[in-house]
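**Q** generate a structure from the sequence data that follows.
(4 chains)
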2 protein chains.
Amino acid sequence: MEMQLDERKMKILQAIIHNYLETGEPVGSRTISKYTDLNLSSATIRNEMADLEELGYILQPHTSAGRIPSDKGYRLYVDDMMQVKEKEVEEIKGMLLEKQDRMEQLLKQVAKLLAVNTNYATMISAPQTRKNKLKFIQLSKMDARQLLAVVVAEGNVIKNNMLQMEEELDDETILKLNILLNTYLNGLSAEEINLGMISTMKRQAGIHSDIVSEVIDAVAEAIKADEDLEIYTSGTNNIFRYPELADHQKASELINTFEEKQMLTELVRETLADESNTGIQVYIGEETPIKTMKDCSIVTATYELEEGMRGTIGIIGPTRMDYDKVVDTLKTLMHQLDTLYKKR
Amino acid sequence: MEMQLDERKMKILQAIIHNYLETGEPVGSRTISKYTDLNLSSATIRNEMADLEELGYILQPHTSAGRIPSDKGYRLYVDDMMQVKEKEVEEIKGMLLEKQDRMEQLLKQVAKLLAVNTNYATMISAPQTRKNKLKFIQLSKMDARQLLAVVVAEGNVIKNNMLQMEEELDDETILKLNILLNTYLNGLSAEEINLGMISTMKRQAGIHSDIVSEVIDAVAEAIKADEDLEIYTSGTNNIFRYPELADHQKASELINTFEEKQMLTELVRETLADESNTGIQVYIGEETPIKTMKDCSIVTATYELEEGMRGTIGIIGPTRMDYDKVVDTLKTLMHQLDTLYKKR
DNA sequence: ATTAGCACTCATAAAAGACGAGTGCTAATA
DNA sequence: TATTAGCACTCGTCTTTTATGAGTGCTAAT
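**A** Modelled structure (predicted):
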């Protein structure tokens, strides 16, 4: 098997892909003959196309139709393109974070903006915080039988928990408990809190040991990584723009995948797990980790905020996706967010 | 115009609706003739059907087809049905609420459960809290320049806000501020906090008046009713089960409506605004307040938790929806949630 | 008041035909 | 040897035609 395609074949492949992206129709030899600057007759193109098909880069939907790019073809094309743009991708670092709920708004808007601009379905995951270390605990008396526990982890991730008390506690006791909790737990990560420590604390808390248990539970929940990270989607209905995705069966599955989000979560997790991956990633057709999306391509971009908080932006469309444009758009977006962040 | 349909016409109309709900096909006179226990020939049925059509309860998709129920027909049917079930609806009160994030999980599950059981699209809104009165404020020093403000409103709605300080504050100052804030603001609603009060507080805070401003902002946000209430959807893809909704145009619009949620928010608001409405409400076809859903029917149920926190569950399907089953399911669900809540 | 009977309508499905884009192959050409 | 013109052939798609049959409205008989 020949490693590299000869230049002419490459040009023809590119022409096929370009044309197919535009029209969505299988492209024939005659079209290519005129489309390119190669000045070759359709017959010659036909021969080359036969070769390309044998090599697996393009395929024929049926006997008397033109050719369409195969996953392998797209892959070659994308790899080629990315190589050129790799340098620019470096600048995709740093971004905006502020109040938790403002953030949510922003993410939703970004997803929407992206969907409108690209005409594909989009998703964006809230940054995954490490938040492993405990920073601050505070118990406050709300009323006779209610205690509010505020737990802050590193990265300013805040969790509130309302605790129901059996008996009423006086202010002094609460103060003592606060000191106790902070003294023992401050700066610790989930793994570092062991049973010995807990029982020591309970002993010191005396008759209020049950409260310690409850608070520890709250702490544990605050510290552990979110099992399901927040994901926002937009433009799901864009799949109707692409006939190859829009038949009932497929559309229904896709819509469901977007709504359930569970699958998307795994995609995000996978993307983020690869610590080395700092830029843009492209999954084509069968490559996608989500079965229901085997007829789609997914382009993801990993963004990174201060303190190692990372999230993922994804664009989902048909395999005949305008990779060029999508990658560019993502890069621009990253850049904009970057400047926005640096400005303040 | 005759107010009431004669009993036979009523029976025929019901038969038409039942049959249409099952098959989704226009139903003809011959079918009805055998379907009912009226023992009438198809010819007689035809005459009656002609009458029903003239009265607007049914209509003919085209000349040589059977009849399908019109919105008006469904409306009559539903009203009739509801009259019978009205008494049972009384028991739809009281429900579960607990930790904020557990709640979220529960709501999502309820939506999903409902979608799976009914084969319609579902939505559920998180209970809208009044949370107008302030209950508790606490400032805590996180580090040199960061202050955590925890604001609790009635109904245990908690808001956290991280404040950036210009200068470092010592513990004593923070304590003073805490006392100051609680003394002045406790028990107040948004309307009761006026400029005079704020300036008094600022004066008392002395050089730290700017912090007071920031805290007041945080308080305001915590107190004011959520402008966009949380809504969870499930089973959107169920619309593909119903050919009358599944064509590209309509499906796309519907999917979008579900994803954007903005419209749903308004529906919920409208449903909740009607304080008197305590039970189940049915919107048929053009009656729905959402234009994109004019080919759908929506059945909503208002649930109420303690302290007047109310939310809405909605089921969205084609106008030929199995109203009977949907209403029953909703009632059962409410009942279950009710017992679940009472048990603890 | 009900019903049998019949001519008529019209959506839907199946069959038949026309079209044409596109191919593979062969033979001629540079 | 690489390229190209030419041609027969394939096969999806679109259009037309032709059943088919469910369902109706109307009339006349019971």
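**Q** CA only for contacts and neighbour counts going forward, please
**A** Fine.
**Q** mind listing residues that contact stretch A:230-245?
**A** A:107-108, A:111-112, A:115-116, A:119-126, A:246, A:251, A:255, A:258, A:261, A:264-265, A:295, A:317-318, B:248, B:252-253, B:255-256, B:259-260 (C-alpha atoms under 8 Å, 6 or more residues apart in numbering or on different chains).
**Q** and with 6 Å instead?
**A** A:111-112, A:115, A:119-126, A:246, A:251, B:252, B:256 (C-alpha atoms under 6 Å, 6 or more residues apart in numbering or on different chains).
**Q** nearest to DNA strand D among these?
**A** DNA strand D has its nearest neighbour among the contacts of stretch A:230-245 in residue A:246, at 14.5 Å by C-alpha to the nearest atom of the strand.
**Q** from residue A:112, how far off is that closest one?
**A** For residue A:246, the distance to residue A:112 (C-alpha to C-alpha, to the nearest Å) stands at 21 Å.
**Q** now do residue A:220
**A** Distance from residue A:220 to residue A:112, by C-alpha to C-alpha: 35 Å.
**Q** neighbour count winner among the two?
**A** Set side by side, residue A:220 and residue A:112 show more neighbours around residue A:112, with 21 against 18, by other C-alpha atoms under 10 Å in any protein chain shown.
**Q** which strand or helix spans that one?
**A** For residue A:112, the host element (DSSP states H and E) is helix A:100-118.
**Q** any idea how far that helix is from the chain center?
**A** 13 Å (C-alpha atoms, centre = their mean, to the nearest Å).
**Q** that one vs chain B: in contact?
**A** No - counting by C-alpha under 6 Å from any C-alpha of the partner chain, chain B is not contacted by helix A:100-118; separation bottoms out at 8.5 Å.
**Q** so what secondary structure elements neighbour that helix?
**A** Applying 3 or more C-alpha pairs under 6 Å, 6 or more residues apart in numbering or on different chains; DSSP states H and E, one finds that helix A:100-118 makes contact with strand A:121-125.
**Q** wait, doesn't residue A:140 sit right on residue A:150?
**A** No - using C-alpha atoms under 6 Å as the test, residue A:140 is too far from residue A:150 to be in contact (8.2 Å).
**Q** those two: which is more packed in?
**A** Neighbour totals were compared for residue A:140 and residue A:150, and residue A:150 leads with 21 against 18 (other C-alpha under 10 Å).
**Q** parallel or antiparallel, list what pairs with whichever strand or helix holds the more buried one.
**A** Here residue A:150, judged by DSSP H and E, is contained in strand A:146-153. Strand A:146-153 has its sheet partners listed here by DSSP bridges as strand A:134-143 (antiparallel), strand A:157-164 (antiparallel).
**Q** now the strands: where do they sit in chain A?
**A** All strands of chain A, identified by DSSP state E, fall at A:58-59, A:68-69, A:121-125, A:134-143, A:146-153, A:157-164, A:231-234, A:280-284, A:296-304, A:310-318.
**Q** show the contacting residues for residue A:222.
**A** Taking C-alpha under 6 Å, 6+ apart as the test, what residue A:222 contacts is residue A:159.
**Q** tell me how far it lies from residue A:289.
**A** 30 Å.
**Q** nearest spatial neighbour of residue A:66, skipping sequence neighbours?
**A** residue A:28 (4.1 Å; C-alpha to C-alpha, 6 or more residues apart in numbering or on different chains).
**Q** to what extent is the one you found buried, counted in neighbours?
**A** A count of neighbours around residue A:28, defined by other C-alpha under 10 Å, yields 19.
**Q** what about it, distance to DNA strand D?
**A** In this view, residue A:28 and DNA strand D are 12 Å apart by C-alpha to the nearest atom of the strand, to the nearest Å.
**Q** now that residue, what are its backbone angles?
**A** Main-chain dihedrals, residue A:28, degrees, to the nearest 10: phi -100, psi 170.
**Q** list the contacts of residue A:44.
**A** With C-alpha under 6 Å, 6+ apart, residue A:44 has no contacts at all.
**Q** meant to ask about residue A:261, not that
**A** Residue A:261 neighbours (C-alpha under 6 Å, 6+ apart): none.
**Q** tell me the phi and psi of it?
**A** Taking degrees, to the nearest 10, you get phi 70, psi -20 for the backbone angles of residue A:261.
**Q** need the pLDDT of it.
**A** Residue A:261 carries a pLDDT score of 91 in this model.
**Q** now do the one 10 residues further on
**A** What the model reports for residue A:271 is a pLDDT of 88.
**Q** distance of it from residue A:333?
**A** Distance, residue A:271 to residue A:333, by C-alpha to C-alpha: 19 Å.
**Q** comparing these two, which shows the higher neighbour count?
**A** Set residue A:271 next to residue A:333 and count neighbours by other C-alpha under 10 Å: residue A:271 wins out with 20 against 15.
**Q** pretty sure residue A:286 is touching residue A:294, no?
**A** Yes - if you go by C-alpha under 6 Å, residue A:286 and residue A:294 touch, sitting 4.7 Å apart.
**Q** residue A:26 contacts residue A:66, doesn't it?
**A** Yes - the criterion here is C-alpha under 6 Å, and residue A:26 meets it with residue A:66 at 4.7 Å.
**Q** neighbours around residue A:109, how many?
**A** For residue A:109, the neighbour count with other C-alpha under 10 Å is 16.
**Q** how about residue A:176?
**A** 12.
**Q** for the nearest residue to residue A:219 once chain neighbours are set aside, give the beta-bridge partners.
**A** The shortest distance from residue A:219 to any non-neighbouring residue, by C-alpha to C-alpha, 6+ apart, is to residue A:151 (6.3 Å). Taking DSSP bridges as the rule, residue A:151 bridges to residue A:137, residue A:159.
**Q** and residue A:151, what does it touch?
**A** A:136, A:137, A:158, A:159.
**Q** tell me how far it lies from DNA strand D.
**A** Distance, residue A:151 to DNA strand D, by C-alpha to the nearest atom of the strand: 60 Å.
**Q** let me have the strands paired with strand A:146-153 in JSON lines, adding mean pLDDT and distance to residue A:53 as columns.
**A** Shown next, in JSON lines, are the strands paired with strand A:146-153 (pLDDT from 0 to 100; distance: least, C-alpha to C-alpha, whole Å):
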{"stretch": "strand A:134-143", "mean pLDDT": "86", "distance to residue A:53": "59"}
{"stretch": "strand A:157-164", "mean pLDDT": "79", "distance to residue A:53": "54"}
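**Q** roughly how far does residue A:243 sit from DNA strand D?
**A** 11 Å.
**Q** number of residues surrounding that residue?
**A** Neighbours around residue A:243, by other C-alpha under 10 Å: 12.
**Q** and the one 10 residues further on, by the same measure?
**A** The local packing of residue A:253 (other C-alpha under 10 Å) involves 16 other residues.
**Q** give me the distance from stretch A:272-289 to the chain's centre.
**A** Centre-to-centre, stretch A:272-289 and its host chain are 9 Å apart (C-alpha atoms, centre = their mean).
**Q** mind listing what's buried along it?
**A** Neighbour-count burial for stretch A:272-289 flags A:272, A:278-289 (criterion: 16 or more other C-alpha atoms under 10 Å in any protein chain shown).
**Q** quote the end-to-end distance of that stretch.
**A** End-to-end distance (C-alpha to C-alpha), stretch A:272-289: 13 Å.
**Q** point out where chain A drops to low pLDDT.
**A** Confidence mapping of chain A against pLDDT under 70 gives the ranges A:1-3, A:82-102, A:130-131, A:155, A:224-228, A:275-278, A:305-308, A:335-344.
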